[in-house]
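> Got a sequence here, can you build the structure:
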Amino acid sequence: MMKKRKSRHGVWLLAVLLLMVCALAGCGGSGSNEPASSAGSSGASADPAASPNEPSASEAVSVKLQLKWVPQAQFAGYYVALDKGYYAEEGLEVEILPGGPDIVPEQQVAGGAADIGVDWVASLLAHQEQGLPLVEISQIFQNSGLVLVSKKTSEIAAPADLKGKKVGNWMGGNEFEILALFDKYNLDPNADLQFVKQGFTMDQFLAGELDAASAMTYNEYQVVLEQGVPESELSVIDMNAEGVAMLEDNLFANKDWLAENKETAAKFVRASLKGWKDAIDNPEAAVDIVMKAVEEGSTSREHQLKMMEEVAKLVAPEGFDIEKLGYIDEAMFKQTADIAHQFGVIKSPANLEEAYTNEIVEIANK
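Prediction:
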């Protein structure tokens, strides 16, 4: 027994001597006489390019954001947050996935191809009713950007003047605010006027084929102005002013993913809201960032700047408390859900307790 203990003691001494030699030779790669393990206790990152306060790439949590449409100023806040490192500061590695005509954000998030999505609330409600496990976690656009635009020569000064006119909309889920407007003024879209499918350009309107056309304030309406039609020659019917507005761009997540990633979701929302505030404060800089992501030749900086200025009015309308950005307003959500139910977007009234939650925004703001 004594002999065996002496052997162990000898091995221990040998190990100590080897450690001392290794330390003197700089085996830890630090180039100093400190033990290699001290690098971890100092808080320095293993990645020499990483900042001391930022997780290394191996530690960052991956989050994929699925956009509703192609890269443009409509989504400026997310691109600003990515470019300025706000996501990285939260320990997130965010990938922004472009949308398009064949991409349904709700399906992408429900299927796991993305973690968080951007879409209009009416679309989210419809997919929730279909059984997809989705929940809204933040509201970005506070107002609707949808208007009906007409030339003053068409003599449409108010919604009641739409009677007997040819009115266009893109359909496919974009028509419900317009239908609610018709309903408010007792206009039957099948008898009192012609309600027709509108293309994704403003060519029909500019050619005089439509008396009134649907337009987003930040996109199609600007296209009309860019084509040389002055505002003084146009009339606009605003869905917000008419009380038939529906909530648009929001952030939503898969309920199953969210149950295990509340803190990650809150970090994403916090960084995104920071990006949006920056974009609103400095539209020029925001557009410079967005232009890095757009397809070359697909748009102009001038158009994107005007889009950014108009989007800012929807994200933070006049008189809006910017500190409330991201919160979901119960009354507006209910109005959106009621209109969606009224016109068959959803067959049953929405369960508001299941459809959205302010919990993530509240965590983000702590």
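> would you list every one of the helices in the stretch 101-250 of the chain?
105-110, 121-129, 176-184, 203-206, 220-226 (DSSP state H, counting those that start in this stretch).
> Go through the third one and flag the buried ones.
Yep, that's helix 176-184 we're talking about. Across helix 176-184, burial judged by 16 or more other Cβ atoms under 10 Å covers 176-182. Placement of C-beta: from N, CA and C, glycine included.
> May I have that helix exported as CSV, CA atoms only?
In CSV, the C-alpha atoms belonging to helix 176-184 read as follows (Å, rounded to 0.1, in the frame of the first residue of the first chain):
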residue,chain,number,x,y,z
PHE,A,176,-61.0,44.1,-47.0
GLU,A,177,-60.5,47.7,-45.9
ILE,A,178,-62.0,48.8,-49.2
LEU,A,179,-65.0,46.4,-48.7
ALA,A,180,-65.5,47.9,-45.2
LEU,A,181,-65.5,51.3,-46.7
PHE,A,182,-68.2,50.3,-49.2
ASP,A,183,-70.2,48.7,-46.5
LYS,A,184,-70.0,51.9,-44.3
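> before we move on, the earlier item: let me have the helices of the stretch 101-250 of the chain in TSV, adding mean pLDDT and distance to Leu65 as columns.
Putting the helices of the stretch 101-250 of the chain into TSV (pLDDT from 0 to 100; distance: least, Cβ to Cβ, whole Å) gives the following:
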stretch	mean pLDDT	distance to Leu65
helix 105-110	98	9
helix 121-129	97	15
helix 176-184	97	25
helix 203-206	98	32
helix 220-226	97	25
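> Let me have the ones you listed in JSON lines, extended by distance to Glu242.
Putting these into JSON lines (distance: least, Cβ to Cβ, whole Å) gives the following:
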{"stretch": "helix 105-110", "distance to Glu242": "27"}
{"stretch": "helix 121-129", "distance to Glu242": "17"}
{"stretch": "helix 176-184", "distance to Glu242": "6"}
{"stretch": "helix 203-206", "distance to Glu242": "20"}
{"stretch": "helix 220-226", "distance to Glu242": "16"}
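> Ile339 is nearest to which of these?
Checking these against Ile339 by Cβ to Cβ gives helix 176-184 as the closest, at 4.8 Å.
> Just put the buried residues of helix 176-184 in CSV and tack on distance to Glu353.
Below are the buried residues of helix 176-184 laid out as CSV (distance: Cβ to Cβ, whole Å):
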residue, distance to Glu353
Phe176, 23
Glu177, 25
Ile178, 29
Leu179, 27
Ala180, 24
Leu181, 29
Phe182, 31
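> closest to Thr217 among the residues you listed?
For these, the nearest to Thr217 is Glu177 (12.9 Å; Cβ to Cβ).
> could you measure the closest residue to that closest one other than its chain neighbours against Glu354, distance?
Nearest non-adjacent residue to Glu177, counting by Cβ to Cβ, 6 or more residues apart in numbering: Met239, 4.7 Å away. Distance, Met239 to Glu354, using Cβ to Cβ, to the nearest Å: 26 Å.
> What segments of this protein are strands?
Under the criterion DSSP state E, the chain carries strands at the ranges 61-66, 92-97, 116-119, 134-139, 146-151, 166-169, 194-197, 212-216, 234-238, 250-254.
> Just name the most buried of these.
The highest mean neighbour count among these, using mean count of other Cβ atoms under 10 Å, belongs to strand 116-119: a mean of 28.
> Paired strands for that strand, with orientation please.
Sheet partners assigned to strand 116-119 using DSSP bridges are listed as strand 61-66 (parallel), strand 250-254 (antiparallel).
> I'd like those laid out as JSON lines, including mean pLDDT and distance to Asp281.
What follows is the strands paired with strand 116-119, written out as JSON lines (pLDDT from 0 to 100; distance: least, Cβ to Cβ, whole Å):
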{"stretch": "strand 61-66", "mean pLDDT": "98", "distance to Asp281": "22"}
{"stretch": "strand 250-254", "mean pLDDT": "98", "distance to Asp281": "21"}
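> Out of these, which gets nearest to His303?
Nearest to His303 among these is strand 61-66 (23.1 Å), distances taken as Cβ to Cβ.
> Please save the CA atoms from the closest one in CSV.
Only the C-alpha atoms of strand 61-66 are listed here, as CSV (Å, rounded to 0.1, in the frame of the first residue of the first chain):
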residue,chain,number,x,y,z
VAL,A,61,-28.2,32.9,-31.2
SER,A,62,-29.4,32.5,-34.8
VAL,A,63,-32.7,34.2,-35.7
LYS,A,64,-34.3,34.2,-39.2
LEU,A,65,-36.7,37.1,-40.1
GLN,A,66,-39.1,36.5,-43.0
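> what residues does that strand touch?
Outside strand 61-66, the residues that touch it by Cβ atoms under 8 Å, 6 or more residues apart in numbering are 78, 87, 91-97, 99, 103, 105, 108-109, 113-118, 264, 267-268.
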